[in-house]
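Participant: My questions concern the predicted model and sequence given below.
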Amino acid sequence: MTIRNALILAGLMLAFAIGLAWANNAGHLSEETSRRASQVLAGLVVVYFANLVPKSLEPLLAGCEPSRAQAMQRFGGWTLVLGGLGYSVAWLVAPLEVAKPAAIAILATALVLVVGRCAWTVMTRRRERPPA
Amino acid sequence: MNRVFKALADPTRRRVLELLRQRPMPAGELAEHFPVSKPTMSAHFAVLREAGLVESERHGKTILYRIRMSVLEDALLGFAQLFGLAQPPDGAADREPSTGKERTNR
């Protein structure tokens, strides 16, 4: 992602948040709807960036066997995309008292899986290196 | 995105991507899986490279290809395989892939 696109995305997110706050204050949206909408957007932002993970995890996995690095990249991308979608869907459809813990649990599980597998891939890479 | 759809529309290129999903492979090893000429395979690789779905790296005399697909592109490949997106008639894999720059005889 270029700096220009990142700034545009950040601007759109801020505009959306300001729009929601304004609509809430003006009485056009209930506080619940406003809260759900902002959290759904947060989940979609995770999906957007997770979509690009398979193309951008390379520096971290440098030195790994290519097939294992590639498998890790695909796993990371898919898991985080599904985690982000799950986060959004939880905020979209679950009752408000359940939505927050459910959404956090879904996204946290995805993150733990990705970080765990990434750490395992990097650690085993070190063990695979032949002695100098 | 048009380039991605064009790249995924051809069954040979989809098969190349499926093979590269397993692991990065040299161009020669990839070409062994297809009954087509080397220039034809090179043209297929060029279309995939232009779409940003694969990247190539030169190691001495061999060119190593590796997949470079986002999750969305990966999902599109899955859908294209499932529903046979723009499946051409039998034997089409033997023809030169369309690069969008064909010349017409006048």
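Facilitator: Good, I have the coordinates.

Participant: residue boundaries of the strands in chain B?
Facilitator: B:25-26, B:54-59, B:62-67 (DSSP state E).

Participant: which stretch among these comes nearest A:Ile104?
Facilitator: strand B:62-67 (32.3 Å; C-beta to C-beta). Just so you know, the C-beta spots here come from the backbone N, C-alpha and C atoms, and that holds for glycine as well.

Participant: Averaged pLDDT, the closest one. What do you get?
Facilitator: In this model, strand B:62-67 has an average pLDDT of 89.

Participant: For it, enumerate the helices and strands it packs against.
Facilitator: On a contact count with 3 or more C-beta pairs under 8 Å, 6 or more residues apart in numbering or on different chains; DSSP states H and E, strand B:62-67 meets helix A:66-93, helix B:11-22, strand B:25-26, helix B:27-31, strand B:54-59.

Participant: nearest spatial neighbour of the residue of chain A found nearest chain B, skipping sequence neighbours?
Facilitator: Closest residue of chain A to chain B, C-beta to the nearest C-beta: A:Ser67 (3.5 Å). Nearest non-adjacent residue to A:Ser67, counting by C-beta to C-beta, 6 or more residues apart in numbering or on different chains: B:Arg23, 3.5 Å away.

Participant: can you count the residues close to residue 74?
Facilitator: You didn't pick a chain, so chain A it is. 18 (other C-beta atoms under 10 Å in any protein chain shown).

Participant: Switch to chain B, please.
Facilitator: Neighbours around B:Asp74, by other C-beta under 10 Å: 19.
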